[in-house]
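S.K.: Have a look at this fold, sequence not included:
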């Protein structure tokens, strides 16, 4: 069975990546293949990496407060690349109203501080399940 490929990205000017690295480790420990793009990625860089790496899901870690600006741009670029069906997850310190707005834009799930790693792993696994996996 093909491993689930997940891109973890830190879009924007936020310089804190400990949470992204913790998520990447949890996904790897669960048997997924993780591509981590590093800090200070533009939405264009994230979408291009997702296309080049042929990922099954994208996790955006945004602590800068720019989630309502960066996430819609990533989603639009993914659609333009023909990857509109790739689930996008967002993690960070995101107010409840903003999390609802992000889900309304098509974000698969929003994770805040204290979310159990098992919840993130399960959400990614469910969102990327192929018919043979279900």
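M.R.: Received the coordinates, thanks. Because the structure is a prediction, the values reported are computed rather than measured.
S.K.: which stretches of this structure have low pLDDT?
M.R.: Along the chain, the parts satisfying pLDDT under 70 run over 132-134.
S.K.: Could you pull out the helices in this structure for me?
M.R.: For the chain, the helices defined by DSSP state H cover 18-29, 43-53, 67-80, 96-105, 117-127.
S.K.: Make a markdown table from those and add mean neighbour count to it.
M.R.: C-beta here means a position set from N, CA and C on the backbone, and glycine is covered the same way. Below are the helices of the chain laid out as a markdown table (neighbours: other CB atoms under 10 Å):
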| stretch | mean neighbour count |
| --- | --- |
| helix 18-29 | 17 |
| helix 43-53 | 18 |
| helix 67-80 | 19 |
| helix 96-105 | 14 |
| helix 117-127 | 16 |
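S.K.: Redo the ones you listed as CSV? Include distance to residue 10.
M.R.: Output for the helices of the chain, formatted as CSV (distance: least, CB to CB, whole Å):
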stretch, distance to residue 10
helix 18-29, 6
helix 43-53, 9
helix 67-80, 10
helix 96-105, 17
helix 117-127, 16
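S.K.: These: which one's closest to residue 61?
M.R.: helix 18-29 (3.9 Å; CB to CB).
S.K.: by how many degrees do that closest one and helix 117-127 diverge?
M.R.: Between helix 18-29 and helix 117-127, the angle comes out at 60 degrees (axes from the mean of the first three to the mean of the last three CA atoms, to 10 degrees).
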